[in-house]
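Colleague: A predicted structure for the sequence below; I have some questions about it.
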Amino acid sequence: MDLLAIIRIATRTLARNKMRSVLTMMGIIIGVAAVIAMLGVGQGARQTMQEQIQAMGSNLLFVGAGTVTRSGMHMGWGSTKTLIYDDMLAIMRECPAAQSVAPGSSSSGQVVFGNDNWATRLNGTEPQYFDIRSWPFQEGSSFTQNDVEMSANVAVIGETVRKNLFGTTDPVGQTLRINNLPFRVTGVLTPKGTSAAMGDDQDDIILIPLTTLQKKITGQPWLRWIMVSAVSRQASYAAQQQIAGLLRDRHRIRTGDDDDFFVRNLADMADVADQAGQVMTLLLASIASVSLIVGGIGIMNIMLVSVTERTREIGLRMAVGATEGDVQQQFLIEAVVLSLMGGTAGILFGLSASYVITKTLSWPVLVSPVVILIAVVFSMAVGVFFGFYPARKAAQLDPIEALRYE
Amino acid sequence: MVTNSQTETTHTGMKGAEPVILVQEVHKYYELGETRVHALRGVSIEIARGEFVAIMGASGGGKSTFMNILGCLDKPSAGRYLLEGIEVSSLSIKELATIRNHKLGFVFQGFNLLSRTTALENVELPTLYARISKAEGEKRSREALALVGLADRISHFPSQLSGGQQQRVAIARALVNRPSILLADEPTGNLDSRTSVEIMDIFQKLNDDGLTVVLVTHEPDIAQYAKRGIQFRDGKIRRDERTENQPRASEVIKHLPSLED
């Protein structure tokens, strides 16, 4: 019998029990739809995370003040006072993989403009910071190196701060008060959005000259962090090593002792985030695929019922010349047709579900053709796997017994 | 394969004709735990081309077992069975299926038609397993249905046909691959007497055209239409003789009351 004829017969047999066939397919439909939607959500999330990390600058390294333990008490990250401005200069001087550096210190402050006030992160740094982070201005410009040297009261604000304090007013040139000190706004940064890797609002920030922060707000002469951009993405790994080595030397840390700083590589973070995304995608897909297996068991169940119901038919087919192979093929193909039709319907449902998720939750959903191909192959495999046993059972019937079956 | 002595000791329907079925000392037993149940205890038969044989006997006499062996659905435990010179007992299960497809046509007591499948599609079933094209299979199926007088019923479902018509569809299905032998197992068991005679009429006409027909029945009325009667008892052949002056079913029908009476 040629394959086309068997497929036609299988389709017709299934059409005779429409309700039963559709209900059996339901398991596969739900399974495939779930796998497609979940893989889509996972892939979409992964892609978004990657884009955000790329936007932060993939050559970026973050050197932070480390933790210190004093009389058995852990002081937390940033508690050391050993990271200083000279360290930054040394990195620039001695690490060939480092392209540019920006020092920084952080605090927080209550910001007031007119009748509005806002609590935000306050970072002190130098103008090259904006280049390193490839963070352009939507209005105005950065404070200057001169402002840094003068410890001038000038500020660059993020989009969230602008929205909350200024509303429709043009902030550039306006004066706001940070911890009761007046600051003139020189520029507004373009919005960067929520960072997927860290989960915080990157636009909720005010940046002022490092010296201003150190002298007028915190009173702390040391640094909390240094931003470094490596010459290339590849070089960022080398830069990480060079910086770590250099700082250990400069801070006179003995072999075996812990660092009093940490160096984080954004390329690394991108990899970690990507892996996390991949794990999440796999997790979602494997949960979804459980329903595929359940669907497969449903197919097996119905095929077993079908074999029993059609025992006489099987006996007859054998009597008129069907070989064991013919019978097995017929039932196997019936199972595969069931699962493939379910799979196809599942793809359509999955795509619609992805579309709805994208539209209503504004969560990006990415359904690649590969995923669809996998869904088709997988649902076919489910049909073969769960159809095999019933088909085998049918093929091994004794034609004499089968013909006598009541 | 066929020895002269064998030909002389067994009954021959038509002298000089090629034997279609040659059965020599066939035994069939089943192991049921400790006991061995003998269904056939040394059966030898030769059936020539063009014969019309009725196999009779009480149930348990071995006629069904014998029929299954003739139909290549079962293999003898001992002895030889040659179908058109082919040693059947040495064939694989797959080869047996091919033999059933090409050389044998089955008619059952319960018709065994596929429900919700048209008469034509039922008849086409054996052609699906033969190496012939779909078009050829359909052509042959229409011819077979015309031969049993159902040319105008090809798109009917079994549920829309009378018992006699259903059995005729089954006969058409048995004929569609142009078999050497038609094997009918109690073909009239589910039919009323008039319809039974109609079916026997078809068998007689097919036999007239040269088809070998082997029929199992326990009704002497039915067996009388065959040219040769073989009686089974306790796994052995008790009687094997030609039927003299068998009636023509077509004549008998004329004297039977029709269903309307």
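Modeller: Sure, I can see it.
Colleague: Against residue A:111, how distant is residue A:152?
Modeller: From residue A:152 across to residue A:111, the span is 17 Å (CB to CB, to the nearest Å). All C-beta atoms are positioned from the backbone trio N, CA, C, and that covers glycine.
Colleague: And the helices in the chain?
Modeller: You didn't pick a chain, so chain A it is. Shown for chain A, the helices assigned by DSSP state H span residues A:3-16, A:18-56, A:85-94, A:128-132, A:145-150, A:159-165, A:210-212, A:235-250, A:266-309, A:311-319, A:324-361, A:369-395, A:399-404.
Colleague: that's the wrong chain, I meant chain B
Modeller: B:4-9, B:63-70, B:93-103, B:119-128, B:134-147, B:163-175, B:193-208, B:220-223, B:249-255.
Colleague: Which stretch among the ones you listed approaches chain A most closely?
Modeller: Nearest to chain A, of all the helices of chain B, is helix B:93-103, at 2.4 Å by CB to the nearest CB.
Colleague: mind listing what's buried in that closest one?
Modeller: The neighbour-count check on helix B:93-103 (16 or more other CB atoms under 10 Å in any protein chain shown) flags B:96, B:97, B:98, B:99, B:100, B:101, B:102, B:103 as buried.
Colleague: Flag every residue of the stretch 201-350 of chain A that's near chain B.
Modeller: Neighbours of chain B within the stretch 201-350 of chain A, by CB under 8 Å from any CB of the partner chain: A:312-313, A:315-326.
Colleague: how about a cut-off of 10 Å?
Modeller: Residues of the stretch 201-350 of chain A lying close to chain B (CB under 10 Å from any CB of the partner chain) are A:310, A:312-313, A:315-327, A:330.
Colleague: Separate out the buried members of those residues.
Modeller: Taking 16+ other CB under 10 Å as the criterion, what is buried in these is A:310, A:312-313, A:315-324, A:326-327, A:330.
Colleague: So residue B:50 versus residue B:140, what's the distance?
Modeller: Residue B:50 sits at a distance of 22 Å from residue B:140 (criterion: CB to CB).
Colleague: With neighbour numbers in mind, choose between these two.
Modeller: residue B:140 (21 against 18; other CB atoms under 10 Å in any protein chain shown).
Colleague: quick one: that one and residue B:126 touch, right?
Modeller: Yes. Contact criterion CB atoms under 10 Å: residue B:140 and residue B:126 qualify, at 9.5 Å.
Colleague: Residue A:388: how many residues sit nearby?
Modeller: Neighbours of residue A:388 (other CB under 10 Å): 16.
Colleague: ok, now which ones touch it?
Modeller: The contact partners of residue A:388, taken as CB atoms under 10 Å, 6 or more residues apart in numbering or on different chains, are A:300, A:303, A:328, A:331, A:332, A:335.
Colleague: Report the two of those residues separated the most.
Modeller: Spanning the widest gap among the contacts of residue A:388 are A:300 and A:328, at 14.7 Å by CB to CB.
Colleague: Next, the contact list for residue 147, please.
Modeller: You didn't say which chain, so I picked chain A. Counting by CB under 10 Å, 6+ apart, residue A:147 touches A:126, A:127, A:153, A:154, A:155, A:184, A:186, A:208, A:209, A:211, A:212.
Colleague: my question was about chain B
Modeller: The contact partners of residue B:147, by CB under 10 Å, 6+ apart, come to B:168, B:171, B:172, B:175, B:176, B:202, B:205, B:206, B:209.
Colleague: Kindly report the residues of the stretch 1-150 of chain A close to chain B.
Modeller: A:1, A:2, A:4, A:5, A:6, A:8, A:9, A:12, A:13, A:15, A:16, A:17.
Colleague: Next, work out how far apart the second one and residue B:118 are.
Modeller: Meaning residue A:2. Separation of residue A:2 from residue B:118 (CB to CB) stands at 21 Å.
Colleague: In terms of neighbours, single out the busier of these two.
Modeller: Neighbour totals were compared for residue A:2 and residue B:118, and residue B:118 leads with 18 against 10 (other CB under 10 Å).
Colleague: Would you agree the more buried one is in contact with residue B:150?
Modeller: No. Residue B:118 is beyond contact range of residue B:150, at 11.2 Å (criterion: CB under 10 Å).
Colleague: give me the number of residues near the closest residue to residue B:231 other than its chain neighbours?
Modeller: In this structure, residue B:231 finds its nearest non-sequential neighbour in residue B:239, 3.9 Å apart by CB to CB, 6 or more residues apart in numbering or on different chains. Residues lying near residue B:239 (other CB under 10 Å) number 11.
Colleague: picking that back up, show me the common contact partners of residue B:140 and residue B:126, please.
Modeller: In contact with both residue B:140 and residue B:126: B:132, B:175, B:176, B:177, using CB under 10 Å, 6+ apart.
Colleague: Looking at residue A:152 and residue A:111, which has the bigger crowd around it?
Modeller: The neighbour comparison of residue A:152 against residue A:111 (other CB under 10 Å) goes to residue A:111, with 22 against 18.
Colleague: quick one: that one from residue B:196, how far?
Modeller: Per CB to CB, residue A:111 is found 106 Å from residue B:196.
Colleague: nearest to residue B:182, of the helices of chain B?
Modeller: Of these, the one closest to residue B:182 (CB to CB) turns out to be helix B:163-175, at 5.6 Å.
Colleague: so, in contact with chain A or not, that closest one?
Modeller: Yes. Counting by CB under 10 Å from any CB, contacts between helix B:163-175 and chain A involve B:170, B:173, B:174.
Colleague: does the residue nearest to residue B:231 really touch residue B:223, like I thought?
Modeller: No. Counting by CB under 10 Å, residue B:239 stays clear of residue B:223, with 11.2 Å between them.
Colleague: Residues that sit against both of these two, list them.
Modeller: Counting by CB under 10 Å, 6+ apart, the residues touching both residue B:239 and residue B:223 are B:56, B:229, B:230, B:231.
Colleague: before we move on, back to that, export the contacts of residue A:147 to a markdown table and tack on neighbour count and pLDDT?
Modeller: Shown next, in a markdown table, are the contacts of residue A:147 (neighbours: other CB atoms under 10 Å in any protein chain shown; pLDDT from 0 to 100):
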| residue | neighbour count | pLDDT |
| --- | --- | --- |
| A:126 | 25 | 94 |
| A:127 | 18 | 94 |
| A:153 | 18 | 94 |
| A:154 | 20 | 95 |
| A:155 | 26 | 95 |
| A:184 | 15 | 94 |
| A:186 | 23 | 94 |
| A:208 | 29 | 95 |
| A:209 | 28 | 95 |
| A:211 | 19 | 93 |
| A:212 | 22 | 94 |
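Colleague: farthest-separated two in the residues you listed?
Modeller: With distances taken as CB to CB, the most widely separated pair in the contacts of residue A:147 is A:126 and A:184, at 17.7 Å.
Colleague: In CSV: the helices of chain B, plus mean pLDDT and distance to residue A:403.
Modeller: Converted to CSV, the helices of chain B look like this (pLDDT from 0 to 100; distance: least, CB to CB, whole Å):
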stretch, mean pLDDT, distance to residue A:403
helix B:4-9, 40, 32
helix B:63-70, 90, 9
helix B:93-103, 92, 12
helix B:119-128, 93, 14
helix B:134-147, 93, 21
helix B:163-175, 94, 13
helix B:193-208, 93, 19
helix B:220-223, 90, 21
helix B:249-255, 88, 27
